[in-house]
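*Asks:* Make a model of this:
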Amino acid sequence: MIDEEIIDIDEQGQQFLSFILAGEEYAIDILKVQELREWSQTTLVPNSPNYIDGVMNLRGQIIPVINLRKRFNLPNDHTLNNRIVIVLNINDGTRFRLMGLLVDSFSQTYDINEKDIKPAPSKISIIDDEFIIGLSTIDNKMLILLDVNQLLSSKELSLQKTNHVA
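*Replies:* Modelled structure (predicted):
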């Protein structure tokens, strides 16, 4: 009966954490997520791109916080009170680093089978195609799957060279 206990990863699929941003639901690979935190005021860093809200101290490590509304050129919503920061552990090709994504709210987690991920039509979104893994329909709603390695390793973020404060 040992064979019955073996789990086929392909049948299970991949887990994604979803969040809300400007009324739409997006999802990212849950294995990249280190933790979820309530948003708190960040420290502004001069000359950083406008979508970087600043940096925050996470147990002694300084991490940049990217405002996804600004990153995707979505309108700001000052009425949101319970925004969250998704802390991600990102591999930029040479090392792992922590980064935060400021989003409107957490939604839920999903198991998505690879065969249920459909390619996104090219140039239909304000989000660069390179940042989208694909689309998946779950419970009659469309879920946009984002590639956080691409999103957070893009050349615009290359200004973030260090995790230490002098």
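*Asks:* so what's residue 44 closest to, chain neighbours aside?
*Replies:* residue 54 (4.5 Å; Cβ to Cβ, 6 or more residues apart in numbering). In this view, the C-beta of every residue, glycine as well, is placed from N, C-alpha and C.
*Asks:* Spell out, range by range, the helices that occur in the chain.
*Replies:* 2-5, 9-12, 68-71, 148-152 (DSSP state H).
*Asks:* name the helices or strands packed onto the last one?
*Replies:* Read it as helix 148-152. Under the contact criterion of 3 or more Cβ pairs under 8 Å, 6 or more residues apart in numbering; DSSP states H and E, helix 148-152 touches strand 84-91, strand 96-103.
*Asks:* Run through who's touching that helix.
*Replies:* By Cβ atoms under 8 Å, 6 or more residues apart in numbering, the surrounding residues in contact with helix 148-152 are 28-29, 32, 66, 71, 88, 90-92, 99, 101, 130-131.
*Asks:* closest to residue 22 among those residues?
*Replies:* Comparing the contacts of helix 148-152 against residue 22 with Cβ to Cβ places residue 71 closest, at 11.6 Å.
*Asks:* Verify the stated contact: that closest one with residue 51.
*Replies:* Yes - between residue 71 and residue 51 there is a contact at 4.1 Å, judged by Cβ atoms under 8 Å.
*Asks:* who has more neighbours, those two?
*Replies:* residue 71 (23 against 17; other Cβ atoms under 10 Å).
*Asks:* Show me what residue 91 is bridged to.
*Replies:* For residue 91, the beta-bridge partners are residue 96 (DSSP bridges).
*Asks:* any idea how far it is from residue 31?
*Replies:* Distance of residue 91 to residue 31, given as Cβ to Cβ, to the nearest Å: 11 Å.
*Asks:* related to what we said a few turns ago, now the contacts of helix 148-152: which count as buried?
*Replies:* 28, 29, 32, 66, 71, 88, 90, 99, 101, 131 (16 or more other Cβ atoms under 10 Å).
*Asks:* Take the residues you listed and lay them out in a markdown table including pLDDT.
*Replies:* As requested, the buried ones among the contacts of helix 148-152 are exported to a markdown table (pLDDT from 0 to 100):
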| residue | pLDDT |
| --- | --- |
| 28 | 95 |
| 29 | 94 |
| 32 | 94 |
| 66 | 93 |
| 71 | 89 |
| 88 | 95 |
| 90 | 85 |
| 99 | 93 |
| 101 | 95 |
| 131 | 82 |
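*Asks:* now, the most widely separated pair of the residues you listed?
*Replies:* 29 and 71 (17.8 Å).
*Asks:* what ranges of the protein fall below the confidence cut-off?
*Replies:* 1-12, 92, 123-129, 153-166 (pLDDT under 70).
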